[in-house]
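Undergrad: Structure for the following, please:
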Amino acid sequence: MTTLEGEALTYGDFAAQVQAMPLLASSRLIIIRDIFACKNREVLDKIKEDLGKISESTVVIFTQTGEPDKRLGLFKALNKPKISKYFKQVSPLEIIKFIKDEVALRGGGIEPKAAEMLADYVGTDLWQLDNEVEKLTVYCGKRQIEKEDVEKLVSKNVTSNVFEMINDLTAGRKARALCGLEDLLTTGEPPLKILAVVNYQFRSIAQVKEAAEKSQNQYAISKEAGMAPFQVARILPILKNFSWPRIAQIYQKLVQTDLEIKTGETNGAAGLKDFILGF
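TA: Numbers count the residues shown, from 1 in each chain. Predicted coordinates for the structure are as follows:
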């Protein structure tokens, strides 16, 4: 098996891997991750031309996170019912249902608030969720899983940690926010991934703010914002700290930080620290 990254892909890399015959095996598997992160149209066009020349002993899987440019010839060639599959992002409510179902399959039970906390801590990684459910049901035995069990046994994902960091920033606790950032960087989280999650959290704040201006009902806000009630409940208390001009200012800073990191003007860690200090 060989894995190639679309962002750094050259036609030479692709051709060399696809043309190689399997050694000591009956077939070869080539995974090209985020193929449309390759911005060289000529490379993509050449790959499209070679699709019909791939040996039967070679299986090539192209993946793409997010929406690709559907006008590209390679996308049109790959986007066929028998060879393409779209994996939709799991919604927060679907995640909570998944947790409850998996706990029930193991003969256990879980409090609604504990299921919400587990979904918040782990996010959309169903493989990790399955493992966490297994761990919690073994630990709790026949009794119901409670919030305290989740807090004790489950580590927060980057999204939850970033939201805590934003909470610290809105409360003026910059030193604590910097410590939270250091913890994320120490665990090996890529700076651009952290920045993307920060951007996602502020987008969520903007969505809830817009919905809250139309209704004061939490469930109506959840429906309007396309978010789970527990996510809205977490955001509502901090909305007073964000006017529309303030949100626009934050977005400008996020764009500037992203540009500076990607152009090499600053490294990822320094760019994130500057964002926090200038908040």
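Undergrad: What ranges does the protein have for its helices?
TA: With helices called from DSSP state H, the chain shows them at 11-19, 41-50, 73-78, 92-105, 112-122, 126-140, 147-153, 158-170, 174-186, 191-212, 218-225, 229-235, 244-262, 268-277.
Undergrad: and T2, which of the ones you listed is closest to it?
TA: Shortest distance between T2 and the helices of the chain, using C-beta to C-beta, is found for helix 11-19: 5.3 Å. Bear in mind the C-beta positions are built from the backbone N, C-alpha and C, glycine included.
Undergrad: As a markdown table, the helices of the chain with distance to G66 and mean neighbour count would be great.
TA: Listed next are the helices of the chain as a markdown table, based on distance: least, C-beta to C-beta, whole Å; neighbours: other C-beta atoms under 10 Å:
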| stretch | distance to G66 | mean neighbour count |
| --- | --- | --- |
| helix 11-19 | 21 | 15 |
| helix 41-50 | 16 | 15 |
| helix 73-78 | 13 | 16 |
| helix 92-105 | 19 | 17 |
| helix 112-122 | 21 | 21 |
| helix 126-140 | 19 | 16 |
| helix 147-153 | 30 | 16 |
| helix 158-170 | 17 | 20 |
| helix 174-186 | 22 | 16 |
| helix 191-212 | 11 | 18 |
| helix 218-225 | 20 | 17 |
| helix 229-235 | 21 | 19 |
| helix 244-262 | 15 | 14 |
| helix 268-277 | 20 | 18 |
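Undergrad: Poorly predicted segments of the stretch 151-279 of the chain, please.
TA: Counting by pLDDT under 70, the stretch 151-279 of the chain has no low-confidence residues at all.
Undergrad: OK, contacts around the closest residue to E189 other than its chain neighbours?
TA: In space, not counting the residues next to it along the chain, E189 is nearest to V158; the distance is 5.4 Å by C-beta to C-beta, 6 or more residues apart in numbering. The neighbourhood of V158, defined by C-beta atoms under 8 Å, 6 or more residues apart in numbering, consists of L184, E189, K193, I194, V197.
Undergrad: With V208 instead?
TA: Counting by C-beta under 8 Å, 6+ apart, the residues that V208 touches are I221, A225, M227, V232, I235, L236, L239.
Undergrad: Relative to Q64, how far out is the first one?
TA: As judged by C-beta to C-beta, to the nearest Å, I221 and Q64 stand 32 Å apart.
Undergrad: which of the contacts of V208 sit farthest apart?
TA: Using C-beta to C-beta, the two most remote members of the contacts of V208 are M227 and L239, lying 13.4 Å apart.
Undergrad: who has more neighbours, those two?
TA: Between M227 and L239, counted using other C-beta atoms under 10 Å, M227 has the larger neighbour count: 21 against 15.
Undergrad: re earlier: for the contacts of V208, give me CSV that also has distance to E111.
TA: Conversion of the contacts of V208 to CSV gives the following (distance: C-beta to C-beta, whole Å):
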residue, distance to E111
I221, 23
A225, 25
M227, 21
V232, 19
I235, 22
L236, 22
L239, 27
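Undergrad: between those, which is nearest Y86?
TA: Set against Y86, the nearest of these by C-beta to C-beta is M227 (21.9 Å).
Undergrad: Could you tell me how far the closest one is located from L118?
TA: Taking C-beta to C-beta as the criterion, M227 is separated from L118 by 17 Å.
Undergrad: and if you look at D149?
TA: In terms of C-beta to C-beta, D149 sits 9 Å off from L118.
Undergrad: overlap in contacts of these two?
TA: By the contact definition C-beta under 8 Å, 6+ apart, D149 and L118 are jointly contacted by L136.
Undergrad: Just to check, V103 is in contact with V133?
TA: Yes - the pair formed by V103 and V133 meets the contact definition of C-beta atoms under 8 Å, at 5.7 Å.
Undergrad: which residues do the two both contact?
TA: Counting by C-beta under 8 Å, 6+ apart, nothing touches both V103 and V133.
Undergrad: Tell me the confidence at A8?
TA: Per-residue confidence for A8 comes out at a pLDDT of 89.
Undergrad: count of residues packed around it?
TA: When neighbours are counted by other C-beta under 10 Å, A8 comes out with 9.
Undergrad: separation between A233 and M165?
TA: As judged by C-beta to C-beta, A233 and M165 stand 19 Å apart.
Undergrad: One more: N217?
TA: On the measure of C-beta to C-beta, N217 and M165 end up 29 Å apart.
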